[in-house]
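Chemist: Sequence first, predicted model second:
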Amino acid sequence: MKVSVATLVRGRHRHLINLMHGLNEQQSPPDELVIAWMQPEADARLPATRFPVRHIYVPGQALPLAAARNAAAAVAAHPGLIFLDVDCIPSRPLVDRYRRALASGPALYMGEVRYLPAGAVVFDPAGRLDGPRLDQRAVVHPARPAVPRGGIRHEPDHGQLWGLSFALHATDYFAAGGMDEGYIGYGGEETDYARRLAATGIPAYWVGNARAWHQHHAVHRPPLAHFDSIVANARRYRTIWGEWCMDYWLDLLAQDGFIDWQPDADELAVRRRPTTEEIRAARLGPEACFG
């Protein structure tokens with residue numbers, strides 16, 4: 001089965017270069033890369049690749065993540081879709097493992113993502129990404145389930161979907177309606193999409209040996225820089241599904257006095273927006289891999 005890899009980019013130039021290096025070094029490279037630019041122009045000085053690269057441009061001042069994924073899926077030339085976050089470097093088997101899984105039948109397929117600390121991206125003497133050393137330095141996310149070393153394993157909870165690394169058939173992506181572009185900016189659109197995928201009856205699986213390494217970037221706990229979109233998107237999700245998403249973040253925001261919220265509440269009230277200084281203070285140190 002031919003596959004298109006899709007990634008979304010705003011900034012993150014070095015991260016994108018490393019992702020492209022990782023795709024060049026695949027055991028079985030993708031049949032194309034689709035870059036959805038959430039910025040006016042493509043970055044200059046991108047690496048040459050073993051596969052075609054397609055560029056599309058998605059407008060929007062806030063991060064239009066849902067719209068960018070839909071746009072990338074719409075122009076992808078091949079029936080298999082692999083979504084890979086720009087912060088991720090694919091391990092050498094990733095594309096091949098996803099391709100084989102997709103060829104086995106329609107489903108939502110998810111791969112493991114491990115997190116790198118700052119300065120952990122290393123190359124071997126031949127100039128290739130040093131996968132073994134990346135594996136040694138990468139950290140398992142404490143909130144994620146263990147992934148099989150090989151083969152695939154059924155996952156009953158579609159809510160395990162994270163946008164960092166997943167694959168499905170293009171027809172199944174659109175059968176669920178694509179991602180809801182009413183979610184603007186950070187948060188909620190993946191959880192909403194997982195619910196709608198589950199409603200179509202498509203199964204979900206973890207794919208062994210399809211690991212990606214998440215490159216370090218500044219993180220905040222809580223993500224106060226995305227305060228407005230978290231509040232708006234949580235409210236939208238509640239309106240649609242009758243329950244809250246991003247409970248962890250909402251709880252932290254409530255504890256810190258930014259919002260009035262309880263898990264069983266019907267409403268979320270903003271008490272005050274974070275100041276610039278509070279946003280700056282929420283930024284974690286370079287040793288932090290995830291927020």
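Modeler: Looks like it came in fine. Numbering: from 1, shown residues only.

Chemist: mind checking how far residue 229 is from residue 208?
Modeler: Separation of residue 229 from residue 208 (C-beta to C-beta, to the nearest Å): 34 Å. For the C-beta atoms, the positions are set from N, CA and C on the backbone; glycine is no exception.

Chemist: Nearest residue to residue 122 in space, ignoring adjacent ones along the chain?
Modeler: Closest residue to residue 122 apart from its sequence neighbours, by C-beta to C-beta, 6 or more residues apart in numbering: residue 130 at 4.7 Å.

Chemist: so what's that neighbour up against?
Modeler: Going by C-beta atoms under 8 Å, 6 or more residues apart in numbering, residue 130 touches 122-124.

Chemist: With residue 87 instead?
Modeler: Residue 87 neighbours (C-beta under 8 Å, 6+ apart): 12, 15, 19, 164, 214-215, 217.

Chemist: ok, and the most crowded of those?
Modeler: For the contacts of residue 87, the largest number of neighbours (other C-beta atoms under 10 Å) sits with residue 19, at 26 neighbours.

Chemist: The stretch 101-250 of the chain: strands as residue ranges?
Modeler: 108-115, 139-140, 152-154, 165-169, 204-214 (DSSP state E, counting those that start in this stretch).

Chemist: Partner strands of the shortest one and their direction?
Modeler: Just to be clear, that refers to strand 139-140. Sheet pairing for strand 139-140, assigned by DSSP bridges, gives strand 108-115 (antiparallel).

Chemist: mean confidence for the strand it pairs with?
Modeler: Mean pLDDT, strand 108-115: 97.

Chemist: Just give me how far it sits from the chain centre.
Modeler: Remark: strand 108-115 is offset 9 Å from the chain centroid, using C-alpha atoms, centre = their mean, to the nearest Å.

Chemist: angle of that strand against strand 165-169?
Modeler: 170 degrees (axes from the mean of the first three to the mean of the last three C-alpha atoms, to 10 degrees).

Chemist: Which positions within strand 108-115 qualify as buried?
Modeler: 108-115 (16 or more other C-beta atoms under 10 Å).

Chemist: Just put the residues you listed in JSON lines and tack on distance to residue 284.
Modeler: Converted to JSON lines, the buried residues of strand 108-115 look like this (distance: C-beta to C-beta, whole Å):
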{"residue": "108", "distance to residue 284": "31"}
{"residue": "109", "distance to residue 284": "31"}
{"residue": "110", "distance to residue 284": "26"}
{"residue": "111", "distance to residue 284": "25"}
{"residue": "112", "distance to residue 284": "23"}
{"residue": "113", "distance to residue 284": "18"}
{"residue": "114", "distance to residue 284": "18"}
{"residue": "115", "distance to residue 284": "12"}
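
Chemist: quick one: which of the contacts of residue 130 has the most company?
Modeler: residue 122 (14 neighbours).

Chemist: still on that earlier bit, closest one of the contacts of residue 130 to residue 96?
Modeler: For the contacts of residue 130, the closest approach to residue 96 (C-beta to C-beta) belongs to residue 124, at 20.5 Å.

Chemist: Name the nearest residue to that closest one, sequence neighbours excluded.
Modeler: residue 130 (4.6 Å).

Chemist: List the contacts of residue 59.
Modeler: Residues in contact with residue 59 (C-beta under 8 Å, 6+ apart): none are found.

Chemist: Tell me the confidence at it?
Modeler: pLDDT, residue 59: 92.

Chemist: where's residue 287, which helix or strand?
Modeler: For residue 287, there is no host helix or strand (DSSP states H and E).

Chemist: hang on, it packs against residue 117?
Modeler: Yes. At 6.0 Å, residue 287 counts as touching residue 117 under the criterion of C-beta atoms under 8 Å.

Chemist: So for these two, which residue has more residues nearby?
Modeler: Per other C-beta under 10 Å, whichever of residue 287 and residue 117 has more neighbours is residue 117, with 13 against 8.

Chemist: Now do the more buried one against residue 138, distance only.
Modeler: Noted for residue 117: a distance of 9 Å to residue 138, by C-beta to C-beta.

Chemist: before we move on, what about residue 8?
Modeler: Residue 8 is 22 Å from residue 138, by C-beta to C-beta.
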